[in-house]
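[1] Kindly generate the corresponding structure for this input.
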Amino acid sequence: MEIVLYAFTVMYTPGPVNLLSLNEGLSASLRKTWGFFAGVALAIFCWFAVIGFAGQILIVRDLVPYIALAGSAYILYLAFKLFTSTPSAAGDRESLRSGRLSFANGFFMQLLNPKNSLVVIPITTVMFPGRGITGTALIGCSALIALGGGGAPALYFWVGKIVGKQIHQPRYFRLCNRIMAMLLVVVAVMMFFDYVVVPLL
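    Take a look at the predicted model:
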């Protein structure tokens, strides 16, 4: 239970993936977005499976600043695309000009999210061994946590969907896009500072 509560508390707090999902819910359909959630879940599973079996906590911690640097750059790129997107008519709106959030967007964004280290390292190096979770049990638990992790952006998506039903004019969608873009910039800057700058001080 403590593993589940810890993992879900970290994964369901607002972050770049969840914010993008919230914004996507304003205008996109679930059919066009489910791949993004699957990409997020697969990235979380990869983190748990690889780190869980490797168990090299020092190596992982050494890599976190580089992962954070790449993740911050990717989030800034998505923020730029979101800020410059141009929603048009009520029936033809999109969150990103180049298309909907895809499986690749979800996978790489979550894979490069240093927030993963806050979930994965304590669980795989302390909680899993303390409960005797190894081998196939580790894979099973990792898969369950990954499914829950993919549910986080899905939940934010549905919140956006509910809010989006109350909005009918393109200018409000444009405003939402730009607010979300600015929030993503803040997230990217905080991520860069916390995981890249602070370790170097």
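[2] now the helices: where do they sit in the chain?
    Under the criterion DSSP state H, helices of the chain are mapped to 2-11, 16-25, 34-54, 57-83, 103-111, 115-122, 128-130, 135-164, 170-192, 198-200.
[3] Remind me what the longest one packs against, helices and strands.
    In this structure, helix 135-164 packs against helix 2-11, helix 16-25, helix 34-54, with contacts taken as 3 or more CB pairs under 8 Å, 6 or more residues apart in numbering; DSSP states H and E. Bear in mind the C-beta positions are built from the backbone N, C-alpha and C, glycine included.
[4] Report the distance from it to the chain centre.
    10 Å (CA atoms, centre = their mean, to the nearest Å).
[5] Name the residues of that helix that are buried.
    Buried positions in helix 135-164, judged by neighbour count with 16 or more other CB atoms under 10 Å: 138-139, 141-142, 145-146, 148-154, 156-157, 160-161, 164.
[6] same check, this time on the first one
    Neighbour counts using 16+ other CB under 10 Å place 3, 6-8, 10-11 of helix 2-11 among the buried residues.
[7] What lies in contact with it?
    Under the criterion CB atoms under 8 Å, 6 or more residues apart in numbering, residues 44, 115, 118-119, 122-123, 127-128, 131, 141, 145, 148-149, 152 lie in contact with helix 2-11.
[8] Now do that helix: distance to the chain's middle.
    So, by CA atoms, centre = their mean, the centroid of helix 2-11 is 15 Å from its chain's centroid.
[9] And the average pLDDT for that helix is what?
    What helix 2-11 shows for mean pLDDT is 75.
[10] Just give me the closest of the buried residues of helix 2-11 to residue 69.
    Proximity of the buried residues of helix 2-11 to residue 69 (CB to CB) peaks at residue 10, which lies at 20.8 Å.
[11] follow-up on the earlier one: now, which of the contacts of helix 2-11 sits nearest residue 51?
    residue 123 (9.0 Å).
[12] ok, that closest one - how many residues close by?
    Using other CB atoms under 10 Å, residue 123 is surrounded by 26 other residues.
[13] and the helices of the chain, which is most packed in?
    Mean neighbours per residue, mean count of other CB atoms under 10 Å, is largest over the helices of the chain for helix 16-25, with a mean of 26.
[14] Just the residues contacting that one, thanks.
    Contacting residues not belonging to helix 16-25 are listed as 12, 33, 36-37, 40, 75, 78, 82, 95, 100-101, 105-106, 109-110, 113, 152-154, 156-164, 176-177, 180, 183-184, 187-188 [CB under 8 Å, 6+ apart].
[15] Any idea how far that helix is from the middle of the chain?
    That offset, for helix 16-25, works out to 9 Å (CA atoms, centre = their mean).
[16] now stretch 162-169
    Chain-centre distance of stretch 162-169: 24 Å, with CA atoms, centre = their mean.
[17] Could you pull up the mean pLDDT of that stretch?
    76.
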